[in-house]
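Chemist: sequence and computational prediction follow.
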Amino acid sequence: MNSMMLVSGTFQNIPTFRMIPLTKECPYVEAYYNPMYNVLGIVSLNKKAALHLTNKLDDNGDPILRKDFKAREEQKQSPYKQHKVTLENYEEFFITNRDEIKWFIEKFAANMNEFDYSKYLTSIAAEEVPAP
């Protein structure tokens, strides 16, 4: 299939790799390796509708504050009025098994022999993971 290319990049300031499509026939928008959790995230071309909680906006496009916004900030909740909106998102898949990640790369990466992706597949110690 070899419809993607491996490229280097960063994920939250940590060196990693991504996979980008080479052809229009590629079934994925991108793939990215998250070194903090040793997972390959794959973004499909398929779309699905999902509910998202978003801030309500006034006529100027600014978020509308709730009347009890100070109390909500103290409770670490959003101080803005919110509502649910249906949005279309690309479907995502996650591969956590190291052998399956390698298999996916071998099947889809055209440049897997020239790009040393294995150096990014090492685990990061839990103490090195930045807090969210």
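Modeler: Noted; the coordinates are in hand.

Chemist: can you tell me the centre-most residue of this structure?
Modeler: Nearest residue to the geometric centre of the chain (CA atoms, centre = their mean): residue 41, 6.4 Å.

Chemist: you'd agree that residue is up against residue 90?
Modeler: No. At 10.9 Å, residue 41 does not count as touching residue 90 under the criterion of CB atoms under 8 Å. Glycine gets a C-beta too; all of them are placed from N, C-alpha and C.

Chemist: now for the helix-or-strand element of the chain with minimal mean pLDDT, which elements pack on it?
Modeler: In the chain, the helix or strand scored least confidently by mean pLDDT, DSSP states H and E is helix 69-74, which has a mean of 72. The criterion is 3 or more CB pairs under 8 Å, 6 or more residues apart in numbering; DSSP states H and E, and there are no helices or strands that helix 69-74 contacts.

Chemist: go through the helix ranked longest in the chain and flag the buried ones.
Modeler: What stands out as the longest helix in the chain, according to DSSP state H, is helix 98-108. When neighbours are counted by 16 or more other CB atoms under 10 Å, the buried residues of helix 98-108 are found to be 101, 102, 104, 105, 108.

Chemist: just these now: which is nearest residue 30?
Modeler: When those are compared for distance to residue 30 (CB to CB), residue 108 wins out at 11.2 Å.
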